[in-house]
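Enquirer: need coordinates for the following:
(chains A and B)
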Amino acid sequence: MIENLMNGFAVFADPLVPFGLIVGALLGYLIGSVPGLGPSLGVALLIPFTYELSPIVSIVTLISLYAAAEYGGAISAILINSPGTAAAVATSWDGYPLTQQGKAGVALNISIISSGTGIFLSTLFLIVTAVPLSEFALNFGATAYFALALVGLSLVSCFSSGSALKGAIAMGIGLALATVGLDTQTGVPRFSSDPHFFEGIPLVPVLLGLYALSEVLFMIEEGPSLKTKSQPMTGILVVPLKTLFKLKNHILRSSILGYCIGVIPGAGASIASFVSYAIAKRTSKTPEQFGKGSLEGIAASETANNAAVSGALAPLLALGIPGSPTTAIMIGALMIHGIQAGPLLFTTNPEIPYTIFAALWISVPIMIFIGLAGAKLWAKVADIPRPAVAAIVAGISLIGAYASENSMFPVYITLAFGVLGYVLRKVDIPTAPIILALVLGEMLETNFRRALVISNGEYGIFLDSPLTIVLLLIAAISFGLPALSSVRTWRRQRSAQVEE
Amino acid sequence: MSISIAQCDHSRIKPQAIDVPLAWLELGIGGILLTITSYYLSDALSLPNPLNPNAVGAGRFPSLIAFATLACLVLMLCHSVVTLVRNKDLKRVKIRRPASVILAIVVLLAQVLLMEHLGAVACSVLFSMLLMFAAGERRPVQLLGVPLALGLSIYLVFTVALGVYFP
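Expert: I've put the predicted structure just below:
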């Protein structure tokens, strides 16, 4: 492992790799700072630029953007009370009050250093857990893989914004889309006789449509943004060592918590930051300060949401199961370069996971430097007029879709999914399960059919292995629990009405 | 179904907004999805059976997905109907600037359809300008500057640096 890790660091001797890391960090800050744009959209938009790059440079740039966009989300949350990402909402609760008190620099400083520490510690957890997990996953059979993919999908649907029912509908849409094209086992064309669809619905244009173009329509709906008031940045470059030392327990606990929550498919950075914030408040000696400008609150939220980045990478690298929309997009990026994420990745392409580990560590000082030195600039980024952002995102999406196959077909797909994404989001049907189901659909179907062929069509094979049973139970619970709680809420409301 | 149009009473008409109960939207979109899923199911059921009787045919897995999705859609539609019948605490969806959203979709569609004829970079410049206009931008410097900068960046990054050739 140590040797592989050293090889991961050695990759950075190629000047293109650190260059990609810096470019990714800059773009990540840029995208994270703009309210409404998040890491998923950023990674989706960057993919077209990586077609011609080597897999290593591509993945380092994407990882760096992912991490920096999570950092960047805090900047607009602290300065203008408009979180750049959902994961930075909890940061705004204490960050903005500090800005109002004239301490924006201190708040940004603590948030950036906590974010960096969160990434650093969680990467350590990632290295320690991902490798054994991938070795364990090598023993998985068809039924276990089927159940694992089902767990991933069920958790994502369960944790999706809106109701679990709508999450399940989104999952159904994604799985249905994944079945379009030539059947890999019989060669029969399914659901379309158009040769463009024979290789299935291409992932990148779907990503660009659902994440980027649909967001453009939301920006158009919002109209021009108002100019924000610039804030003084006093204290931004003074590292408050004493304060950081006082926050050490919060930072350590939030790193562990953020990583563990990030590992759960669908839970992600926003849940990690909320849970961590709540626990920090409960364990704090000054809980009354929370919501009024508590540095503990900022440290807890920012450490956890950045630790969740490494957490989300664990199931991706070890099992081939994306834990978040961003990692699902990352799987798409790996596929473009012919790399299959999963347990075999550590034996077939060990340079990929170990370079990711190295990139996460190397990114920490770079991102802290870029974040602190460029704080004034990032604050101004939030002021870029919304119509300009919409035009840039739309332009890159359509051009990027064309570049993915050098044909117009992906461009049509992008536009269609852009409108579909807008409509679905209006009805509160989340788009994340669609992407995850589209990515996992083939794995789910292949293993389902393989298992049934082995068992001569007997469904009992899915109950033969204890591991499969446990995984199927988890899937059933995560599908069933939200439904049960909905029924309970409905009954409570009904009995309250009867009493009235 | 009540759609209220919020309008300003001043001489200059302000952007309108469509305000509609979520349950109505769910019924509409759910109905469309139900139709598409039913069509998908009938297509899945008509896929050929495998030659090996123990193997799983190309249509089995899609059929299972279709049944599960249909069940979820029916549940959602029932929930929407119940919500509408009770007519209490209706969650509403606001579509601000609907004319701008439709204009933006038309602009994007035109960009996609004309990309091969006008050229990808020229199309990006022209339609970015129109898109910014649809988004409410009226300052001439921004309307000209951003699309030109975008077109130049696309040309430099994709064509010069990455070697991608556009129509």
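Enquirer: and the helices in chain B, which stretches?
Expert: For chain B, the helices defined by DSSP state H cover B:22-45, B:60-86, B:98-118, B:120-134, B:140-154.
Enquirer: chain B contacts on the stretch 101-250 of chain A?
Expert: Within reach of chain B by C-beta under 8 Å from any C-beta of the partner chain, the stretch 101-250 of chain A has these residues: A:165-166, A:168-169, A:172-173, A:175-176, A:179, A:183, A:185-186, A:188, A:190-191, A:213, A:216-217, A:219-224. In short, each C-beta sits where N, CA and C put it, glycine included.
Enquirer: break chain B into its domains for me.
Expert: Listed by automatic domain parsing, the domain ranges of chain B are B:4-96, B:98-161.
Enquirer: near chain B, anything from stretch A:426-444?
Expert: Yes - counting by C-beta under 8 Å from any C-beta, chain B is contacted by stretch A:426-444 at A:426-429, A:444.
Enquirer: neighbours of the residue of the stretch 251-400 of chain A at minimum distance from chain B, how many?
Expert: Per C-beta to the nearest C-beta, residue A:387 is where the stretch 251-400 of chain A lies closest to chain B, at 3.5 Å. Neighbourhood size, residue A:387 [other C-beta atoms under 10 Å in any protein chain shown]: 27.
Enquirer: could you point out which element follows whichever strand or helix holds it?
Expert: Taking DSSP states H and E as the criterion, residue A:387 maps to helix A:386-405. Remark: after helix A:386-405, the chain's next helix or strand is helix A:409-426, criterion DSSP H and E.
Enquirer: quick one: buried residues of the helix or strand following that next one?
Expert: Remark: after helix A:409-426, the chain's next helix or strand is helix A:432-454, criterion DSSP H and E. Residues of helix A:432-454 classed as buried: A:432-453 (neighbour count, 16 or more other C-beta atoms under 10 Å in any protein chain shown).
Enquirer: repeat that for stretch A:264-278.
Expert: A:264-277.
Enquirer: what residues does the closest residue to chain B within the stretch 51-200 of chain A make contact with?
Expert: In the stretch 51-200 of chain A, the residue found nearest to chain B is residue A:172; the distance is 3.0 Å by C-beta to the nearest C-beta. Listed by C-beta atoms under 8 Å, 6 or more residues apart in numbering or on different chains, the contact partners of residue A:172 are A:437, B:37, B:65-66, B:68-69, B:72.
Enquirer: need those in TSV with distance to residue A:100 and pLDDT, can you?
Expert: Output for those, formatted as TSV (distance: C-beta to C-beta, whole Å; pLDDT from 0 to 100):
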residue	distance to residue A:100	pLDDT
A:437	43	88
B:37	50	96
B:65	51	94
B:66	54	96
B:68	50	93
B:69	48	95
B:72	45	93
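Enquirer: leaving out the residues flanking it, which one is nearest to whatever residue of chain B ends up closest to chain A?
Expert: Residue of chain B nearest chain A, by C-beta to the nearest C-beta: residue B:69 (3.0 Å). Counting by C-beta to C-beta, 6 or more residues apart in numbering or on different chains, the nearest residue to residue B:69 once its immediate chain neighbours are dropped is residue A:172, at 3.0 Å.
Enquirer: pLDDT score for the one you found?
Expert: Residue A:172 is assigned a predicted lDDT (pLDDT) of 94.
Enquirer: center of the chain - which residue?
Expert: Using chain A here. residue A:326 (3.4 Å; C-alpha atoms, centre = their mean).
Enquirer: let's do chain B instead
Expert: Residue closest to the average C-alpha location in chain B (C-alpha atoms, centre = their mean): residue B:105, at 8.4 Å.
Enquirer: so which of the buried residues of stretch A:264-278 are in helices?
Expert: A:268-277.
Enquirer: tabulate those (a markdown table), appending pLDDT and distance to chain B.
Expert: What follows is those, written out as a markdown table (pLDDT from 0 to 100; distance: C-beta to the nearest C-beta, whole Å):
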| residue | pLDDT | distance to chain B |
| --- | --- | --- |
| A:268 | 72 | 23 |
| A:269 | 80 | 26 |
| A:270 | 79 | 21 |
| A:271 | 82 | 23 |
| A:272 | 85 | 28 |
| A:273 | 86 | 26 |
| A:274 | 86 | 22 |
| A:275 | 86 | 26 |
| A:276 | 88 | 30 |
| A:277 | 88 | 27 |
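Enquirer: related to what we said a few turns ago, may I see the contacts of residue A:172 organised as TSV, with distance to residue A:401 added?
Expert: What follows is the contacts of residue A:172, written out as TSV (distance: C-beta to C-beta, whole Å):
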residue	distance to residue A:401
A:437	21
B:37	26
B:65	26
B:66	28
B:68	30
B:69	27
B:72	30
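Enquirer: and which of those residues is nearest to residue A:399?
Expert: residue A:437 (27.1 Å; C-beta to C-beta).
Enquirer: ok, and the closest non-adjacent residue to that closest one?
Expert: residue A:174 (2.6 Å).
Enquirer: residues contacting the one you found?
Expert: With C-beta under 8 Å, 6+ apart, residue A:174 has these contacts: A:433-438, A:441.
Enquirer: what helix or strand is the residue of the stretch 51-200 of chain A closest to chain B on?
Expert: Secondary-structure assignment from DSSP H and E places residue A:172 in helix A:164-178.
Enquirer: on the three-state scheme, residue A:77 is what?
Expert: Following DSSP: H, G, I helix; E, B strand; the rest coil, the label given to residue A:77 is helix.
Enquirer: how many residues are close by it?
Expert: Using other C-beta under 10 Å as the criterion, residue A:77 is surrounded by 33 other residues.
Enquirer: any weak-confidence spans in chain B?
Expert: For chain B, applying pLDDT under 70 flags the ranges B:1-15.
Enquirer: residue A:463 contacts residue A:469, correct?
Expert: Yes - Residue A:463 lies in contact with residue A:469 (C-beta atoms under 8 Å); the separation is 5.9 Å.
Enquirer: so which of the domains of chain B gets nearest residue A:14?
Expert: domain B:98-161 (17.4 Å).
Enquirer: and residue B:75, what is it in contact with?
Expert: residue A:165.
Enquirer: fine by me, we can end here.
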